[in-house]
Every structure is written in C-alpha cells, then in structure tokens.
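Q: how would this look folded up:
(one chain, ligands or ions: 2)
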Amino acid sequence: MISVEEALARVLSLAGAPRGEVLALDQAAGRVLLEPAISRMTQPPFDSAAMDGYALRHADLGQRLRVIGEAAAGHPWTGKAEPGTAIRIFTGGAVPPGYDRVEMQENTQRDGEWLTVTAPSQDSYIRNRGCDFSEGDRIEPGRCLSPADIALLAAMNLPQVTVAKRPKVAVLAGGDELVRPGEAPSEGQIISSNDLAVAAIARAAGAEAEILPIARDSQDSLRESFARAQGADLLVTIGGASVGDHDLVGKVAESMGMERAFYKIAMRPGKPLMAGRIGECAMLGLPGNPVSAIVCATIFMQPLIHAMQGLPTGKRRFHARLANALPPEGRRQHYLRARLTEGGDLPVISPFDRQDSSLLSVLSQADALLIRPPHDPARQAGEIMDYLPLFP
Ligand SMILES: Nc1nc2c(c(=O)[nH]1)N[C@H]1C(S)=C(S)[C@@H](COP(=O)(O)OP(=O)(O)OC[C@H]3O[C@@H](n4cnc5c(N)ncnc54)[C@H](O)[C@@H]3O)O[C@H]1N2
Ligand code: MOO
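A: Residues are numbered from 1 along each chain as shown. Ligands and ions are numbered 1, 2, ... in the order given. A predicted model of the protein is given here:
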C-alpha cells in the first residue's frame, strides 16, 4: 500500500497537457484561462470624472467661476481650459486638460453661467488615465475565470479568450445489485447513488461528465462499458475494486491494456483505489462503498480534473479544535466525516460517531473531513487538527 501523498502524485501524473479552445467572453465564466490575456485598452482611457458636478482648477478655488462648457460620458468637451472657468461635467465624462479637480454639484451653487464652490471637497474626484489598468497589462493563465475576470477581459477589449477544454469524464458504476433511481429494485438490489455524486464532483471541477449505463458483474459487460468510454480523457469506475470473486474492474482494465499506476493505498476509506492509463485515457477505479467513492473522488479525481485544465491542484488544509478525544489510528490515513461549529480562536470539529463507509446519511450531514495521518496517536479534546472542507 502506498501513501495518500504518493498516490496523489501518481494520479496527477496521469493528466496530459490541457488542450485549448477559443470562447466568446459570455461563454468563458468558470473556465480556466490557458493563454495570457493582454489588454488592448488603457482604463480609463482619459482622466475621468468620478462625480456629477463641475471640472475646475484648484488654483481658482475661492473665486466665482464662469461655466463655459459641458462634458458627459461619451461626449467630451473639446474647448480650452481658461483661468477662472469651469465646465459642467457628469460621472464618466473626460476631464479636459487644464482642469485638475471635479467638485460634486452638491457643494456648489449655480447662478446662470456663474458657479460658486460652497464647500470644497478633500478629494479631487478625478480618476486618472490608466488608474485601473494599461494597454499591455496581462492576466496570467491558470486561473478559473470569475465574473469579475470576465468584466475585466471585456474592459480590456478582448472579446474572446483561450481557455482549457473541459476534460471529458466517463463515470461507470458496476454491479448486479444496482438499479437507477426511480426504478423498482428487486430482491437484493439497491439504488446506484455513487455515479451521480462522482459526476457532480467532476462537473463542479470543470469536467464534462457522462454517466454510462450500469455495468453488470461480468467481464463482457465491463469490457463493453470500457469501450463506451472511448474518447474520454478520464474513465472513473465505481465498485468492483476489491478482492471478491465479482470484483472484476482491475482484471478487465488490465485485459484492455491498462498501465497500472497503483492499486491499494493507505487510506480510510478508500483502500482499494486503483489508477492507471488505458491508451490516452486516464483511469481511476474508485471503491464501491458510497463514502469511499465520494471521498476518493474528492481527494484524487477533483485535483486530477483540475490538473487536466492547468489549474493548481493543492488542497488547502484548515485547522480546527477537536470536540472530543479520539483513540490512536492504524496504518491508513483516516478521513473522518465531521461537522464544524463556531469556536473561540478556531472552529470546533466533531467527528461523527458512526464512520462506516456505507453511510450516506452521515456524509450528507458532514461539512468537513478531519484528517488523521497514519499512526496518529490518541488525541485529547481541544487539540488542533487539520481538516478539509467538504463540498465548499
Ligand atoms: N476481503 C476483503 N473485503 C473487502 C476489502 C478487503 O480489503 N478485503 N475491502 C473493503 C473495502 S475497504 C471496500 S471500500 C470495499 C470496496 O469494494 P469494491 O470496490 O469491490 O466495491 P463493491 O464490492 O462493488 O461495492 C461495495 C459496496 O458498495 C455498494 N455500491 C457499489 N457501487 C455502488 C453505487 N454505484 N451506488 C451505491 N452503492 C454502490 C455495493 O452494493 C456494496 O455494498 O470492499 C471491502 N471488502
Ligand atoms: O476503504 Mo473502504 O473504502 O474502508 O470502505
């Protein structure tokens, strides 16, 4: 059994270089920028009024000023600034050269063409040319584009960007006991749940996920399903990973030419995880127990999908104080389902009493995975522990 860290490194090495596509900006939110975006604009392109009011010269403060023109957004004034004058200006209007401040209209009194500043502001209320960004400024690749990024790219006059293609992920649940939600299970059958969760995690990570028809517990059925995954960047199987007579995923994957990266890791839940590559397609074989499948998808599949898009893959760990004492750990790194509550200096983390890897009802109440390294000694209430937020 290899460590979680070693397994993650091997999983990440299965990611090929991201492939790019050019998208219009209104399609690009949530996608990963793959090439630098270089601004074609300086913003603002001119000194711009931050308030509705009057543009004037600081040196003229204290005098009555003659209003000689008007500048509104999109309608610049092209005259010449003379001493003792002002121009009416509106927010976003270009401040003509020669004027060095804008007074907001609330602080002025207007009498025909004459203007008196009744209470000069502290601020000059001018947004200087280029105070936001300049032509040639860059947004570097490797970031997931937020709504703010989309607005910035638009303001930079970049109507389209090169982003990473969404990795294609095929999700395959297998087992004679499985039927789809909504179907009537016969004796001995249960509802397939894991594939829906895994596909949801894949989509949230940026993938295009397809849920394949459930494979039966036969080599032929699995082979057929593997063939359906052709063209995917990643095949994620669920179940059939362990050592039972009906656990056929490893056998079939190998018969289809899988180069195995590893099988079995020192992780709880998730021991029988396998990973490898079949031709161009990466493969992750998740254990069938629902919590094991979902935790493994969170710890391994999600970073792999990020790597396939050129995103950073590190998961930030957080600290919390343990609510109750815990016994020593065994040789596997343990991810305990836990709940966070507010605490003094740090949040308080309470692992659930029941940690069996079949318990979806517990996982669904958890908002964190408490991480205990292999051979972690007994812990007292109040000790500081690491955790990962679940489904943030
Ligand atoms: N003799 C041993 N038995 C087991 C070991 C072991 O080391 N030696 N490991 C245990 C561990 S740990 C895990 S985890 C499981 C993983 O087994 P498989 O990956 O082969 O999973 P299955 O046997 O196919 O299923 C396990 C369990 O999960 C249910 N399941 C499967 N797929 C789905 C699905 N899509 N939706 C909902 N539930 C699903 C399945 O019905 C089983 O109940 O092996 C242990 N055994
Ligand atoms: O590792 Mo299994 O995933 O403990 O249930």
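
Q: where does Trp300 fall, phi/psi-wise?
A: Slight slip there: residue 300 is Phe, not Trp. Main-chain dihedrals, Phe300, degrees, to the nearest 10: phi -120, psi -50.

Q: start and end of stretch 87-107, how far apart?
A: Its start and end residues considered, stretch 87-107 measures 15 Å (CA to CA, to the nearest Å).

Q: which positions within that stretch qualify as buried?
A: Residues 87-91, 93-96, 99-105 are the ones in stretch 87-107 that count as buried (16 or more other CB atoms under 10 Å). C-beta here means a position set from N, CA and C on the backbone, and glycine is covered the same way.

Q: and stretch 17-31, by the same measure?
A: Quick answer for stretch 17-31 (16+ other CB under 10 Å): Pro18, Gly20, Leu23, Leu25, Ala28, Arg31.

Q: which residues sit in contact with the fifth one?
A: Shown here is Ala28, whose contacts under the criterion CB atoms under 8 Å, 6 or more residues apart in numbering are Leu145, Ile150, Leu153, Gln160, Val161, Val163.

Q: likewise the last one?
A: The neighbourhood of Arg31, defined by CB under 8 Å, 6+ apart, consists of Leu23, Cys144, Leu145, Val163, Ala164, Arg166, Gly206.

Q: next one: it from Asn157, what distance?
A: Going from Arg31 to Asn157 by CB to CB, to the nearest Å gives 19 Å.

Q: show me the shaky parts of the stretch 1-150 of the chain.
A: For the stretch 1-150 of the chain, not a single residue meets the criterion pLDDT under 70.

Q: closest residue of it to ligand 2?
A: Met1 (10.8 Å; CB to the nearest ligand atom).

Q: that residue contacts Ile265, correct?
A: Yes: here Met1 reaches Ile265: they are 5.7 Å apart, a contact under CB atoms under 8 Å.

Q: spit out the residues that contact those two alike.
A: Residues within reach of Met1 and of Ile265 at once, by CB under 8 Å, 6+ apart, are Lys271.

Q: hmm, Leu359 is touching Ile294, no?
A: No: Leu359 is not in contact with Ile294 according to CB under 8 Å; the separation is 11.1 Å.

Q: who's more crowded, these two?
A: Just comparing Leu359 and Ile294: by other CB atoms under 10 Å the higher neighbour count belongs to Ile294, 27 against 17.

Q: mind checking how far the residue lying closest to the more buried one once chain neighbours are set aside is from Asn128?
A: Nearest non-adjacent residue to Ile294, counting by CB to CB, 6 or more residues apart in numbering: Ala197, 5.0 Å away. Noted for Ala197: a distance of 51 Å to Asn128, by CB to CB.

Q: could you do Asp220 as well?
A: Distance of Asp220 to Asn128, given as CB to CB: 71 Å.

Q: what do you get for Ala173?
A: When distance is defined by CB to CB, Ala173 is 59 Å away from Asn128.

Q: quick check, the residue in the stretch 51-200 of the chain closest to ligand 2?
A: Residue nearest to ligand 2 within the stretch 51-200 of the chain: Asn194 (11.6 Å; CB to the nearest ligand atom).

Q: and the pLDDT for that residue?
A: Per-residue pLDDT puts Asn194 at 97.

Q: thought Val295 was touching it, still the case?
A: No: contact criterion CB under 8 Å: Asn194 and Val295 do not qualify, at 11.0 Å.

Q: which ones among the contacts of Ala28 map onto helices?
A: Ile150, Leu153 (DSSP state H).

Q: where's the closest residue to ligand 1 within the stretch 251-392 of the chain, which helix or strand?
A: Residue of the stretch 251-392 of the chain nearest ligand 1, by CB to the nearest ligand atom: Gly288 (2.4 Å). If you go by DSSP states H and E, Gly288 is not part of any helix or strand.
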